[in-house]
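Q: Coordinates for the following, if possible.
(chains A and B)
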Amino acid sequence: MSDESGLETPGSVKSIWPAVVILGFAAAIYIVAQGYSETARRFPSMVAISLMVLGAIDLYSRTGLPGRDAVNAFWGSGFDRREMVKVPPLGKELALFAWIAAAFLGMAIFGILIAAPLFVFLYVWRRSGRSVVMAFAAGFIVFAFEYAVFEWALDYTLYRGLILNGEGFSAW
Amino acid sequence: MGFEALLGAVAEVASGGSILFLLAGVFLGLCFGVIPGLGGTTALALLIPVTFGMDSLDAMYLAGGVMGATSFGGSITAILLNTPGTAPNAATTFDGYPLAQQGKAGLAIGAAACASSMGGLIGLVTLIIFIPLAKEIVLSFGPAEFFLLTVLGLAAIAVSVRGKLLRGLIAGGVGLIIAFIGADTITGDLRFTGGINYLWDGVPLVPALTGMFAISQMIELALKGGTVATSSGQDEAANMKISGVGEGVLSVFKNWGVLLRGSVIGTLIGAIPGLGGTVASFLAYSSTVQTDKDPESYGKGNIRGVIAPESANNAKDGGSLIPTVAFGIPGSAETALFLGILVLHGIDPGPTILLYHEREIYGLIVAITFAAVAASLIGLVLSRFLVLITRIDVGIVVPVVVAISLTGVYVLDGRMADVLLTVIMGVIGYLMIRFDYPRLTLVIALVLGETAERSFHQVQLISDGQPLGFMMTRGISVLLIAAIIITFFLPIARKLFQKKSAA
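A: A predicted model of the protein is given here:
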């Protein structure tokens, strides 16, 4: 199976696992919803059941079982118009998630005004491989922007972090 | 009332104070439009927190400036570098870049600027004409119609995300479930909160939108890597002679039929939730080629091939605001983010938006109208400099946008949990891009979820548990049910028709 660009659809994209996750998620929502009052559970239950049906069709369309092509044609469940044509290696993806998680953790611990420019500096220097001067300039621009717009113009105190805030998780 | 609100918005811009916000938005929109991969959605996601503390109308001017300017920003690089700034500008490269290579860059940019402005104006005039009618329609709606309208909105978007009906519907279902998190609007019962106090009020819209569009887009961009355009291309563009702009502007009026057709196509396509500018500009381009006496001249530098997609691309802004302002159904990612700005300013983005917030709506319309013209004028003057923005590489753009987005989200309510939610939604958004599930349907379901559920319960109550029977007794409901059925079966009918024609 290939997309409009002629590239083969990666196995991870067309595998059954995304559909299985959707099915599991919908089933979990349905089960949890049964613990609510009749009115509160009615609409979520309806949506969860519909999602299970759609998830099952998605799962079927990803198998090699007979009628799969007809299902794909009817439901438009093929992969010929993918937004992300090339799928990067898992390691690269996880590393990037880790960078963004680190940005969040830095902001939570050291505060936004310190961690945001520091994140930009480290990212540009270490991940993007640019010069220290360029990385410093990028970090400084972010600091100047955040200070000028939020702290000065909007008169807003940005989060100072768990260490400097002294109020623990109260600002969460 | 509508006319007064329109005049009020014009007067506010003319008075001078708000024009600075408008121009700032235009400049930002041009810059973000020029850089492929960023575009209007990222610009608006970044802008949401900046509008914090602003008057709601000033926020509309800022957002309107961005929305009106991004498309023309993208066409500058499409013409000079053969690199479309936004997806809809891809159609402009077909004839814009060959013209630039023939030394007629000024002609192409002039035509693109004028066609963008004129297309934008035609789209917005259509919107202004439609608003009073839409108001009457909304006033005649009851809970049954509101419920069916949300279903129709979701169905239309899922169907129009080409080739992704099934996964579009799944994403919509997931979006509805996310919308259920928090206290139930009818009973007040807490649902799906997992014991987390932060979720009692539900998933806040702005962090969810910022994560879904800004963060996930940055993750994708970072993984793609590289620079936006080659330095040789930029050098070529920097040395390119940009003359004949006036001739380009005049060519639009000489080809008024192409302009009008492009604008009508753009407005109509824009009004259908989910279709967006790419479909509009390509459809306008192909219809112009097909109806021209000399179709062979296209792709080699025919000025009509620039006018058609540019007018359609800008006209779609007015069209996409029709479902947004009339029924609260965001027709595109940009209008969904615009609703996020409204939420920040205490405005409920439901179907009654037009009834209670005319000031803001007309403010936005005036802003986009001014922006469509201002962006073309500023873009013409700064086109050579704007091209240089593409020299900024992805390795710098990504961390800057991530840092500012996360900071901005904190500013909204002063809660770090919002920042965490943005990161989580960003990862979910990226996974959706990776596994080919459209994000737009999830976001729109998230926006419409509460209205859908509340209306559903109201219909249940007033119909004594017989909602379908009740709906069938109401004329507008029957029309909406028919529209939903047609929406679902239209792609199938089209396929059957194509098969029959091929046979």
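Q: Please, which helix or strand holds the residue of the stretch 351-500 of chain B at minimum distance from chain A?
A: When scored by C-beta to the nearest C-beta, the stretch 351-500 of chain B has B:G395 as its residue closest to chain A, at 2.8 Å. (Glycine included, C-beta is placed from N, CA and C.) Assigned by DSSP states H and E, B:G395 belongs to helix B:394-413.
Q: and that helix, what other elements does it pack with?
A: The contact analysis (3 or more C-beta pairs under 8 Å, 6 or more residues apart in numbering or on different chains; DSSP states H and E) places helix B:394-413 against helix A:90-110, helix A:112-122, helix A:132-146, helix B:39-50, helix B:205-209, helix B:216-224, helix B:416-434.
Q: Buried residues of the third one, list them for me.
A: If you call a residue buried by 16 or more other C-beta atoms under 10 Å in any protein chain shown, then helix A:132-146 has these buried ones: A:134-135, A:137-139, A:142-143, A:145-146.
Q: In terms of secondary structure, what does it contact?
A: Applying 3+ C-beta pairs under 8 Å, 6+ apart, we find helix A:132-146 packed against helix A:112-122, helix B:394-413.
Q: what angle do the longest one and helix B:416-434 make?
A: Which is helix B:394-413. Calculated by axes from the mean of the first three to the mean of the last three C-alpha atoms, to 10 degrees, helix B:394-413 forms an angle of 140 degrees with helix B:416-434.
Q: circling back to that earlier point, in TSV, list the helices and strands packed on helix B:394-413 along with mean pLDDT and distance to B:G74.
A: Shown next, in TSV, are the helices and strands packed on helix B:394-413 (pLDDT from 0 to 100; distance: least, C-beta to C-beta, whole Å):
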stretch	mean pLDDT	distance to B:G74
helix A:90-110	94	26
helix A:112-122	95	26
helix A:132-146	93	24
helix B:39-50	81	7
helix B:205-209	86	21
helix B:216-224	87	15
helix B:416-434	94	20
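Q: what sits against whatever residue of the stretch 201-350 of chain B ends up closest to chain A?
A: Nearest residue of the stretch 201-350 of chain B to chain A: B:L223, at 4.4 Å (C-beta to the nearest C-beta). Residues near B:L223 by C-beta atoms under 8 Å, 6 or more residues apart in numbering or on different chains: A:88, A:92-93, A:96.
Q: where's B:K300 relative to B:Q102, distance?
A: Computed as C-beta to C-beta, to the nearest Å, the B:K300 to B:Q102 distance reads 9 Å.
Q: circling back: any idea how far B:A312 is from the residue of the stretch 351-500 of chain B closest to chain A?
A: Going from B:G395 to B:A312 by C-beta to C-beta gives 34 Å.
Q: the more surrounded of these two?
A: Using other C-beta atoms under 10 Å in any protein chain shown as the criterion, B:G395 and B:A312 rank with B:A312 on top: 38 against 22.
Q: Let me see the contact set for the more buried one.
A: So B:A312 contacts B:119, B:262-263, B:265-266, B:269, B:277, B:280-281, B:283-285 (C-beta under 8 Å, 6+ apart).
Q: Next one: it relative to B:V325, how far apart?
A: Per C-beta to C-beta, B:A312 is found 20 Å from B:V325.
Q: Quick one: neighbours of residue 62, just the number.
A: Chain wasn't specified; assuming chain A. Residues lying near A:R62 (other C-beta under 10 Å) number 21.
Q: if you could check chain B rather than the one you did, that'd help
A: By other C-beta under 10 Å, the residues close to B:L62 number 27.
Q: Please apply the same query to B:A483.
A: So B:A483, with other C-beta under 10 Å, has 16 neighbours.
Q: Spatially, which residue comes closest to it, not counting chain neighbours?
A: Nearest residue to B:A483 in three dimensions, chain neighbours excluded: B:L152, at 5.6 Å (C-beta to C-beta, 6 or more residues apart in numbering or on different chains).
Q: roughly how far apart are that neighbour and B:E334?
A: Per C-beta to C-beta, B:L152 is found 21 Å from B:E334.
Q: ditto for B:T187
A: Distance of B:T187 to B:E334, computed by C-beta to C-beta: 35 Å.
Q: Of those two, which one has the most company?
A: With neighbours defined as other C-beta under 10 Å, B:T187 and B:E334 compare such that B:E334 has more, 25 against 15.
Q: Double-check that one against B:T41; I have them as touching.
A: Yes. With contact defined as C-beta atoms under 8 Å, B:E334 reaches B:T41; the gap is 5.7 Å.
Q: how about the residue of the stretch 1-150 of chain B found nearest chain A, secondary structure?
A: Of all residues in the stretch 1-150 of chain B, the one sitting closest to chain A is B:G53 (5.1 Å; C-beta to the nearest C-beta). For B:G53, the assignment made with DSSP: H, G, I helix; E, B strand; the rest coil gives coil.
Q: Would you enumerate the residues in contact with it?
A: So B:G53 contacts A:154, A:156 (C-beta under 8 Å, 6+ apart).
Q: same thing with A:E151?
A: By C-beta under 8 Å, 6+ apart, A:E151 lies in contact with A:113, A:157-158.
Q: Next one, pLDDT for it please.
A: pLDDT, A:E151: 86.
Q: List the backbone torsions phi and psi for it.
A: The phi/psi pair for A:E151 (degrees, to the nearest 10) reads phi -80, psi -40.
Q: can you check the one 10 residues further on too?
A: The main-chain torsion angles of A:G161 are listed as degrees, to the nearest 10 and equal phi 90, psi 160.
Q: what's the closest of the contacts of A:E151 to chain B?
A: Of all these, chain B sits closest to A:L158, with 6.7 Å by C-beta to the nearest C-beta.
Q: That closest one against B:V409, yeah?
A: No. Using C-beta under 8 Å as the test, A:L158 is too far from B:V409 to be in contact (11.6 Å).
Q: By mean pLDDT, flag the weakest helix or strand of chain B.
A: Of the helices and strands making up chain B, the lowest-confidence element is helix B:231-239, at a mean of 58, by mean pLDDT, DSSP states H and E.
Q: Against which helices or strands is the helix or strand following it packed?
A: Note on helix B:231-239: by DSSP H and E, the next helix or strand toward the C-terminus is helix B:245-254. Contact partners of helix B:245-254 among helices and strands, from 3+ C-beta pairs under 8 Å, 6+ apart: helix B:105-139.
Q: what angle separates the helix it packs on from helix B:245-254?
A: Orientation check (the same axes, to 10 degrees): helix B:105-139 against helix B:245-254 gives 40 degrees.
Q: Just the residues contacting the helix or strand containing B:L7, thanks.
A: B:L7 belongs to helix B:2-14 when assigned by DSSP H and E. Applying C-beta under 8 Å, 6+ apart, the contact partners of helix B:2-14 are B:18-19, B:22, B:57, B:61, B:128, B:131-132, B:135, B:358-359, B:361-363, B:365-367, B:370.
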